[in-house]
Structures are given as C-alpha cells and as structure tokens.
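> need a structure here:
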Amino acid sequence: MLLSSIKHVSKSTPILLFKSRNYNSYSYSCLFLSPSPNDSSSPHRLNVSAKDVVASFKNWFKAPNTALLDRIFTILNSQDQAAPEDASTRHAADLALSHLNLRLSETFVLEVLSYGRSSSKDVLSCLKFFDWAGRQPGFNHTRATFYAIFKILSKAKLMSLMLEFLQDFRAHRYIHKVRFHDILVLGYALAGKPGMALQLFGRMRFKGLDLDIFSYHVLLNSLVEESSFDAADMIAKQIFMRGLENDITHSILVKLWCKQNKLDEAEAYLRRFAESRKHVIGPAVSIIVDALCRRKRFEHAATLLDEFTELNVPMEHAYGIWLQNLVQHGRLNGALQLVDSKKLLDENVPHLFRYNILVLRLLKENRLKDVCDLLIEMEKDGISPDKVTMNAILCFFCKAGMVDVAIELYNSRSEFGLSLNSMAYNYLINLLCWTGGIHEAYHVLRNSIKEGYFPGRKTFGILADALCREGKLDKMKELLVFSLEQKFIPCYSVCDMFIAALCKANRVEDGYLIHGELTRMKKNTARNTYFHLISGFSKSNRGDIAATLILEMQEKGHIPTRKLFRTVICCLCGTQSLENQFFKLLEMQLSHFQPSSQIFRFFIDGAGHAKKPELAREVYEIMQRSGIKPNLRSDILMLYSYLKNDRISDALKFFSDVRQRISIGTKFYSSMVVGLCKANKVDYALNFMREMRDNNVVPSMECYEHLIQLLCWKKRYGLVVDLVNDLEKTRGRVSSFIGNGLLSNSFKNKELYETWIRSRKVQDETSDISLLGQLIGTFSGCIEVNQDVESLEEMIEQCFPLNIYTYNLLLKKLSVSKVDRAFEMYDWICQKGYEPNQWTYEIIIRGLLKKGRRAEARGWIEEMIRKGFDLTGCPKLLI
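Residues are numbered from 1 along each chain as shown. Just a heads-up that it's a prediction; the model follows:
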C-alpha cells in the first residue's frame, strides 16, 4: 500500500503535501522534513498521482466480490429509467434476472436486500427485486424477508409506499404462504402506524390467533417509539403472560422508562437482573447510557458503566454508545482518555471503533500528520476499514486540500462499497466550493439528497453563496426547491442573497415568486431584500408591484429610506395614469400609518426628482391641510423640487413666502445657493450669497464649494479669488474639494494664477492661502519648483486635507514629465493606505501612451480591468 511506502521513507518526520500541475494531470509530493533544523540531509520526496493515491486505498478498501449483486441492481435500475406503464421493459428486466439463474432462498434474498440497503442502492430497486422474487416458482417470502423490506422502506421514510404495499398484501393474502396477520402487524408497526397494528392484533385475538415472539417484540418497540405507553404496558403484559420475554423484552422496557424520563426505575430494573445473573443485559445498559448522555448527565453515565462492568455484564455495545455520545457532544478529550484506558483493552470496545474515534478526533483538531500515521498503523496491523473509516479518509483528503484525490475517491466509491455520511458530504461540498468546483459540488449535493442526506446549514450556505456568486441561478433555484421538499428552511441570509442575485440578474419576477413562497411559510424577508425587489421592479417599470412591496415592508416593521421611496415614485410618475398611481400610494400610506411630516417629505422629494414639481406642491399643500406644519426639511425639499426642474421663478417666489413665515438661516440660504449653482444660475446664487453676508448669516462651506466650482467652469476667476478671500475671513481654510478644484483648473491654463496674482496685492507669504497661490502657480507651470513628491505633499497639507483626488493630481503632474516617477507615486499612494481608483489608472496609462510605451500600457489596462474598472477614452481605443 502507498501509505506503507510513505512510512518506509520516514517513520516519524512531518509530512507536507504539495500539489503540482503537469500538463493535464495532477501529482502530489510527500516531502518529509527533517525532525531537527540542524539536520542538513536532503529531504525525501515521493511523487505520486491522484489516481495512484486512490488506487492504493482501493486495495485496502477491497470489499467482497459483489459482481452478481451489482448486476442484479444494474438490471433493476434500467427498469427504473423506463416509464411505469412500460410492460415490455418490465418483462425484459424479469427475463434478464431469470437468465442469471439465481438460486432463490431466504438467505440469498436477505443478502440482496441487505446489499441494496447498505450500499445506498435505489430503494425502489430493492422493492422490485422483492416483488420479482415473490413471483418466482418454488420460492415464498418469509417473515424475515418481509421484515427486511419493511425496514428498508421505513428507513427511507417512504411510509405512503409502505402503506400501499400493505394494502396490496391484504388484497392478495391467498398468494403468500406466510403468517398473514403477523406480517400485517409487523408492517404497520414498522410503518409508524401502531394504532392500525393494534386493531389487527385485536382481530387476531378475536379469531383465536396470536402473534409469534418476533412480531410481539416489533409491536412493543413500535408502541414505545410512538410514546403509546399504556398500549405498550398492555402488550408487555401479554408477552410475560405467554412466557415470551427475553433480553429484547427487557431492553424495550428500559427504553420505555427512559422515554418517560424514569431513569431511576430503569436502573433499578437492570440491577435486579444483573444481580440474579439470569439475563444478559448489555444492550439495555447502552439504552440508559444513551438517555443519560442526551440529558448531559455524563458523570452519572460513567458511574453506571463502572458499576455494570464490575458485575461482569457484557458492555461492548454500552461502551460504544458511551464513546459515540462523548464525541457527538464535543467531549473528545474524555473519549480519547477512555480509548487509552485499560477498560477498552479488555475488548469492551472493538479495536476498529477505537481507531475510528481517534481518527475523527484528530481530524477535528486538524492534526493531519497524526491522521496519516494512524492510517498507516491500521493498514500495517491488518485492520480492515469500515464505512466510518472510509468516510474519515475522504474527510482527511478534503482537509488536506487534495481536491482531485477526494473527487477520484468519491467517483470510485461503488468499487469498494463506500457510502458517504453527512460529515463526508459536507467536507467534500465545502472543499469543492472553495476550490471553484461549483458544478462538481452541486452534483455531489444531488447525489447526497438521493441517498437521504441533506447538507448542514453552514455547507448549504457556502454552496448557495458560490452558486449566486458564479451566476448559476437556475441551479440555486433547484437547490432551494430541494431544501423545501426536505422541509429544510434555509436561513434568512441565504434566501435574501438568492433573491438579491436574481434581482441583479434582471430576474426580479423569479425573486418575487421566491419571496411569495417564503412569505406563505411565514418566513420574514430581510430589509435589504425588499430594497432589491423594489428597486428591481422600479427598473422594470412595474411601479404597482414596487408600491405594494414598500407598503408590505413597512407593515413588517422595516423602515424605507427616502431614496427607496424616490425610486418608486419616479417609476409611478413614468406611467400613463401617473397622478392616479401617485396619489393612490400616498392615500395608502396615510391610511395605513399615522400621517407624519416624514411621509409627506418622501412624496415631495420623489415628485421633485420625477420632474413633477406641481405634484410636490400639491403634497405640500395637503400636508398643511392635514394640520401638519411644514418644517425646515419640508421647505428645503419643496425648494429643491423647483430648482431641480428649472422653475426658478417659482423657487424665488417660494423662498419669499417662506421668508415671510419664518426667519431664514444658514441651511435654507445654503440650499438656495447650492440649488441655483446646480441649475447653472450663478448670478442668482451670487446675489443670495451677498444677501447672506448682509444679513450676518455665515455661508456654509457647501455654498463656497459649489459657487467656486461653477465660477471656475465659467472662467470667472476674479470672483473665484474674491470668494477664496472671503472664505479665509469666515472659515479660515479651504476644503479638500475647493483645493483640489483649484489645482485641477490650474492644469488647464494659467489664467487662474494670473488673476490670483493681480487680485491678492498684499499677501502674507506664510499664510495658508498664500501657500495655495504658490501651489496654483506650480501646477499651472508658472512657478518652477523641485519635483519632490514629499515636499509638495507637505505644502498641500498646510493648505487643505489630502485625499485620493489630491494624490491623483500629483500623479498627473509627475506623469507629464517623467512617467517612471509616476510608478513610484502609485506605490506611494498604496503605502498611504489609499485605494487607487479608475482615474489613477487612466493617468498612468495616458502617460505611457504619450511616451509610446504601448506594451506597458496594456499591462496596466489588464490590471485596471481585473480591479473592475471600465475602460474610457484612450485606454478603450488601445484595447
């Protein structure tokens, strides 16, 4: 075996697994490191392919020859793929099975059914084989074969199919040469219908018939499982009256007391039998141990194990249950101590079980080197792995990141009868998602569902995230349907993430359907999900649905933003019956919620952005008629609705009306100035600016920023300098926005600097504003200074705070003369903690193109695209 070869190379040195790519195949290198750093001997390397690794494990996993059994299920599976009413296909399958010359017996039929159950074959195939065998001359099903098929159907939770099977059995009782009533009681008990089983038992007793010992105990166990305690006591009395009690009876009664939380009675009952040494009660002890562990009474369970061990009770199964509970409840240190204790050396627990516990513990702690050593030891000692071991080995490869080995082992599972458990499925799906194998992960998930396993919430979330991220929304939809069919309700974040992904992909209708399904299941939708749905329907011009959703989200306690309302209102105002839709939404808001100034502000703002200032004014007046006095925010929004739509005269009149009603302060004046600047009405804005100063109202920084920006655009630099001078008096220092704007304008021409020199006759050379003038001269090329980036940075920092825009300006200045210096500047920007933006890349690319360095420019373009930026101008032409 390959593991033995690894151990032969080095017995105790650490192992590092390296994955390398060689054309179309992967290989692994096991590098054995020297245990001492002073050991300079060369490391040993064993190169093996993924197929070699899996082949090595296949030899160890080698199972008994099941070729005949596999052939039987291959024939049965071919029948599964045909239509149910296809008689010819069924006849062909019957004929193919007959040609196998099977010697049917109870033992062989049980072997086939057991193989189908243990190897996760199709349950329906097992049922079809059972049906075929029952129709063969010379063979009749027995109680054991009926019990086997009932257990298969029960485990698969195909209760409706099982009940249908029992109805068919009752209708054809003359065909079966077996205790008819016993089989019916057995079947209904295993189908989770103990009440029906009791009715049949009553009819039997009325006819003078009775159950056999096996059926009595199956019925008793079914009643206990369904918590029918009174009926269970009655059946137990019947068993004792007939002298049919045995170890199974006592175990079921112990289970009865445990389910009733009568653990003291159960312990006392077992002690009596243990002291009398009349019965072997090991399995019964395991039931109490399991019940105690489920109630987290581990110390008491340990005491009970010690007590019955001293009474020489066979405790193999009890210790197995004890260890299993320790592991499941995270008490791995206790489990490991128990495995190493002398108790387990006395064969209280199977040797393989001890190894499996250790492997699982080491996997949980990510001690992969120790796991590898343990597997080598198992192979050396000739210990054949069971399904737990096989699943642990698959988890080992997943944790080691050896994805192709894990997949190869998974694809070869039928060759050695590997049936994955939920842990292995979770590990494998997680690994495939992290390594980009989304398609394989989804395929594995489909198989796991067929075999009765559904991933845990964490694994489900990881796969769902990967599918949404990769845009595989149809597969994600199937995954969600699967989960709902399994009665597994995904967590909020998964559903919200999927709906958001659908909306971003312009599949908002699908997202709305899922939202509706989740709502019917009384699952609340997250606030952000509503935002995605509402925005999606608004973009699709479905304002009616968007309006309904915004009302729904409010009823669920989520508060919409002004921007969200604005989006819906703009959509409604784009319809033919805009006024009707607009006021219908307003009426719904006012009828469902207490009228407030906020609701009216939302509608004033939305109407203004929808270019419907007359609607905004009507809402403003409705608010006043409703007894709500407009506040400053309402007035500003109404003012903006006029200014945004070039209704300057209406804005001026409204400003005058407000001035007569209240005393105008900085905020309302600033709103007027900024709004006029945005409407390109610079003279009106200057007049209001002067009015503010005359009224001793200090203009906001925003007023200065918008006015200076607009005046620079119109090249009215004299007024720009006047405003900067005024700003120096009122606020002392320019903002980053103003400073960056002035430096940016100085790049285009020298007029700003020349005007600056003429206007500022008397200057304090050490003031911040004077330094700003020097910077303007430097950037316009009128002043020659040292091209030291750090010096320029310090100079700018004295004038205004730097940001990424400022650094881009410095980068642009450097790239004009020396593009190589621009590369240093790029690194400097990153070192400062700023994230380069699209303009950063375009400055460097343009600088390279001007120097004819097209190849280097292409490299920067590729990086720019990788960062998610769009191409514009010259870079786009170059591509």
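
> Where do the strands of this structure begin and end?
Using DSSP state E, the strands of the chain run over residues 15-22, 25-32, 44-49.

> Pretty sure Gly461 sits against Ser493.
Yes - in terms of Cβ atoms under 8 Å, Gly461 counts as a neighbour of Ser493; the distance is 6.9 Å. C-beta: built from backbone N, CA, C; applies to glycine.

> Which of the two has more residues huddled nearby?
Higher neighbour count among Gly461 and Ser493: Gly461, with 17 against 14, using other Cβ atoms under 10 Å.

> Now do that one against Asn366, distance only.
21 Å (Cβ to Cβ, to the nearest Å).

> ditto for Val444
Taken as Cβ to Cβ, the span from Val444 to Asn366 is 22 Å.

> who's more crowded, those two?
The residue with more neighbours, out of Val444 and Asn366, is Val444; 23 against 11, by other Cβ under 10 Å.

> contacting residues around the more buried one?
410, 425, 428-429, 432 (Cβ atoms under 8 Å, 6 or more residues apart in numbering).

> Once you drop chain neighbours, what's closest to Asn325?
Cys293 (3.6 Å; Cβ to Cβ, 6 or more residues apart in numbering).

> Pull up the gap between the one you found and Leu326, please.
8 Å.

> Looking at those two, which is more packed in?
Leu326 (24 against 21).

> So Met795 is in contact with Leu775, correct?
Yes - under the criterion of Cβ under 8 Å, Met795 is in contact with Leu775, at a separation of 6.2 Å.

> And the two? Which one has more around it.
Leu775 (24 against 16).

> residues contacting the more buried one?
Contacts for Leu775 (Cβ under 8 Å, 6+ apart) come out as 743, 746, 792, 795-796, 799.

> Adding pLDDT and distance to Ile449, write the residues you listed out as CSV.
Shown next, in CSV, are those (pLDDT from 0 to 100; distance: Cβ to Cβ, whole Å):
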residue, pLDDT, distance to Ile449
Leu743, 93, 62
Ser746, 90, 67
Leu792, 83, 64
Met795, 87, 67
Ile796, 89, 62
Cys799, 89, 65
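
> For Pro613, the count of nearby residues, please.
By other Cβ under 10 Å, neighbour count at Pro613 equals 24.

> Is it correct that Glu751 is in contact with Gly718?
No - the criterion here is Cβ under 8 Å, and Glu751 misses it with Gly718 at 10.0 Å.

> mind saving the C-alpha coords of stretch 624-636 as PDB?
Only the C-alpha atoms of stretch 624-636 are listed here, as PDB (Å, rounded to 0.1, in the frame of the first residue of the first chain):
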ATOM      1  CA  GLN A 624     -50.700  71.800   5.500                       C
ATOM      2  CA  ARG A 625     -54.500  71.000   5.200                       C
ATOM      3  CA  SER A 626     -53.800  67.800   7.300                       C
ATOM      4  CA  GLY A 627     -52.700  70.100  10.200                       C
ATOM      5  CA  ILE A 628     -49.000  69.300   9.800                       C
ATOM      6  CA  LYS A 629     -46.900  72.500   9.800                       C
ATOM      7  CA  PRO A 630     -44.100  72.400   7.300                       C
ATOM      8  CA  ASN A 631     -40.700  72.300   8.900                       C
ATOM      9  CA  LEU A 632     -37.300  73.300   7.600                       C
ATOM     10  CA  ARG A 633     -36.600  70.000   5.900                       C
ATOM     11  CA  SER A 634     -40.000  70.100   4.100                       C
ATOM     12  CA  ASP A 635     -39.300  73.600   2.900                       C
ATOM     13  CA  ILE A 636     -35.900  72.700   1.600                       C
END
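
> How far off centre is it?
46 Å (Cα atoms, centre = their mean, to the nearest Å).

> what do you get for stretch 267-274?
With Cα atoms, centre = their mean as the basis, the mean position of stretch 267-274 lies at 50 Å from the chain mean.

> so where is the stretch 401-550 of the chain shaky, pLDDT-wise?
417 (pLDDT under 70).

> So which residues of it form helices?
Assigned by DSSP state H, counting those that start in this stretch, the stretch 401-550 of the chain shows helices spanning 403-411, 422-434, 438-450, 457-469, 473-485, 492-504, 508-520, 527-539, 543-555.

> quick one, which of those helices is nearest to Thr303?
Across those, the minimum distance to Thr303, taken as Cβ to Cβ, is reached by helix 422-434, at 30.5 Å.

> For Met825, which non-adjacent residue is spatially closest?
Spatial nearest neighbour of Met825, chain neighbours left out: Leu811 (4.8 Å); criterion: Cβ to Cβ, 6+ apart.

> Show the pLDDT at the closest residue to His217 other than its chain neighbours.
In this structure, His217 finds its nearest non-sequential neighbour in Ile248, 5.1 Å apart by Cβ to Cβ, 6+ apart. Here the pLDDT value assigned to Ile248 is 86.

> From Arg858, how far out is the residue nearest to Asn325?
Applying Cβ to Cβ to Cys293 and Arg858 gives a distance of 66 Å.

> same check, this time on Tyr269
Counting by Cβ to Cβ - Tyr269 and Arg858 are separated by 84 Å.

> more crowded one of the two?
The residue with more neighbours, out of Tyr269 and Arg858, is Tyr269; 18 against 15, by other Cβ under 10 Å.

> The more buried one contacts Trp257, correct?
Yes - the pair Tyr269 and Trp257 qualifies as a contact (Cβ under 8 Å) at a distance of 7.1 Å.
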